[in-house]
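Undergrad: got a structure for you, letters missing:
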């Protein structure tokens, strides 16, 4: 998820925001309209598979 944090932070901090409500609206706009939602869905799917694989292996080494 850290690979998504930098682009979101860069877009968010490109414009100064004074009020907390405005900042939240700006963040929501960036997240929903400027971040690739398909990429987020793919990452979610991959991390879910990865987590289940680790659980099945009882925390032992997996192919990842």
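TA: Arrived safely, thanks for sending. Computed from a predicted structure; not experimentally measured.
Undergrad: Show me the longest helix that occurs in the protein.
TA: helix 37-56 (DSSP state H).
Undergrad: Averaged pLDDT, that helix. What do you get?
TA: Over the span of helix 37-56, the pLDDT mean works out to 90.
Undergrad: Would you mind pulling up the elements that it packs against?
TA: Here helix 37-56 touches helix 2-13, going by 3 or more C-beta pairs under 8 Å, 6 or more residues apart in numbering; DSSP states H and E. Every residue, glycine included, has its C-beta placed from N, CA and C.
Undergrad: what's the helix it packs on in contact with?
TA: Helix 2-13 is contacted by residues 23, 26-27, 30-31, 34-35, 39-40, 43 when judged by C-beta atoms under 8 Å, 6 or more residues apart in numbering.
Undergrad: returning to that earlier point: check the offset of the longest helix of the chain from the chain's centre.
TA: Its chain's C-alpha centre and that of helix 37-56 lie 12 Å apart, by C-alpha atoms, centre = their mean, to the nearest Å.
Undergrad: begin at 48 from here
TA: Noted, 48 is the first residue going forward, which turns the last one into helix 84-103.
Undergrad: angle of it against helix 49-60?
TA: 150 degrees (axes from the mean of the first three to the mean of the last three C-alpha atoms, to 10 degrees).
Undergrad: Pull out the buried positions in helix 84-103.
TA: For helix 84-103, the neighbour count (16 or more other C-beta atoms under 10 Å) marks no residue as buried.
Undergrad: Tally up the residues packed near residue 68, please.
TA: By the measure other C-beta atoms under 10 Å, the count of residues near residue 68 is 9.
Undergrad: Just want to check the distance between it and residue 57.
TA: 22 Å (C-beta to C-beta, to the nearest Å).
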